[in-house]
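In: return a 3D structure for these sequence lines:
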Amino acid sequence: MREIVAKAEPELSQPGAAAFYEEALAELHAASIPFLLAGTYAVSAYTGITRETKDLDVFCKASDFPRILGHFKNRGFDIVVEDERWLGKVIRGDLFFDVIFASANGTMPVGDAWFEHARQVELFGQKLKIVSPTELIWSKCFIQLRHRYDGPDIAHVILKARDDIDWSRLLKYMELHWEVLLAHLVNFRWCYPTERDAIPDWLLDELLGRMARQRELPRPQMKVCRGRMFSRVDYAIDVAEWGFADVGGEGDWRND
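Out: Prediction:
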């Protein structure tokens, strides 16, 4: 496994958080349950950006989610299954860390490839695995809510870790939602015109070719709002009042 030196670490917003995280991560190692660090810690490690954080993101496979929560429950920690589709928390007083095995919209299950391509870094005095830049970008592509947008994190990871991104693997992850990937790449090109060569030509050719072919097709008959995959709240009116289908289910038929 490739070991990297973290370019930076986040600033912890609560006193005692470092000791809590160090203890929790040592517990995970002792239990021999596979896990990865992601989120702000991974962004800081790859980009050198330092910002305040109130939690820690521990990623695992779905099969290990109950094992991790059960382990900490047996050790006297409080646990919460916040959303059985993707998220739980381990809590001690005002401190907590998230346990995540997928994205809120179900598009990003954590699998074996995450561990196969993980990097190793030293944090909290321990050797820890963190997600690779490729999976880190994937984990952030759909975080586009009114109060939180992770586009800048994606742009910064591309800028600072471009040579370590497996674009073919990222495209496979985003195969069904390639337009979301294209939007992030166009955003990067606009933000950094001098760094446009960070995006491989073949990838832009492929995505723009898909768009050209899509434009030749007739418009879909079913009215669907995939914005709900970004935010169920921000796009609620589309389903409640405007006749669009949710990600699943039936909507109005287009009436030209």
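In: so the closest residue to residue 176 other than its chain neighbours, which state does it fall into?
Out: Using CB to CB, 6 or more residues apart in numbering and skipping the chain neighbours, the partner closest in space to residue 176 is residue 107 (7.8 Å). For the C-beta atoms, the positions are set from N, CA and C on the backbone; glycine is no exception. Under the three-state scheme (DSSP: H, G, I helix; E, B strand; the rest coil), residue 107 adopts coil.
In: again, but for residue 129
Out: Using three-state DSSP, the secondary structure recorded for residue 129 is strand.
In: so what's it bridging to?
Out: For residue 129, the beta-bridge partners under DSSP bridges are residue 120.
In: contact partners for it?
Out: When contacts are counted by CB atoms under 8 Å, 6 or more residues apart in numbering, residue 129 touches 1, 35, 36, 37, 115, 118, 119, 120, 121.
In: that one and residue 4, how far apart?
Out: Relative to residue 4, residue 129 is positioned 11 Å away (CB to CB, to the nearest Å).
In: picking that back up, rebuild the contacts of residue 129 as CSV, extending it with pLDDT.
Out: Rendered in CSV, the data for the contacts of residue 129 read as follows (pLDDT from 0 to 100):
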residue, pLDDT
1, 81
35, 97
36, 97
37, 96
115, 97
118, 97
119, 97
120, 96
121, 95
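In: buried only: go through those for me.
Out: Neighbour-count burial (16 or more other CB atoms under 10 Å) applied to those gives 35, 36, 37, 115, 118, 119, 121.
In: the third one: what's its closest spatial neighbour, skipping adjacent residues?
Out: Translated: residue 37. Nearest residue to residue 37, sequence neighbours excluded (CB to CB, 6+ apart): residue 130, at 4.5 Å.
In: and residue 211, its phi and psi?
Out: Reported as degrees, to the nearest 10, the phi and psi values for residue 211 are phi -70, psi -40.
In: show me what contacts it?
Out: Neighbouring residues of residue 211 by CB under 8 Å, 6+ apart: 179, 182.
In: just to revisit the earlier point, between the contacts of residue 129, which is nearest residue 225?
Out: Minimum distance to residue 225 across these is 32.2 Å, recorded for residue 36 (CB to CB).
In: ok, what's across the strand from that closest one?
Out: With DSSP bridges as the criterion, the beta-bridge partners of residue 36 are residue 59.
In: which stretches of the stretch 101-250 of the chain have low pLDDT?
Out: Applying pLDDT under 70 to the stretch 101-250 of the chain flags the ranges 249-250.
In: to the chain's geometric centre, what's the distance from stretch 138-149?
Out: Its chain's average C-alpha position is 8 Å from that of stretch 138-149, according to CA atoms, centre = their mean, to the nearest Å.
In: just the helices in the stretch 151-256 of the chain please.
Out: If DSSP state H, counting those that start in this stretch is used as the criterion, the helices of the stretch 151-256 of the chain fall at 151-161, 167-173, 178-191, 201-215, 236-240.
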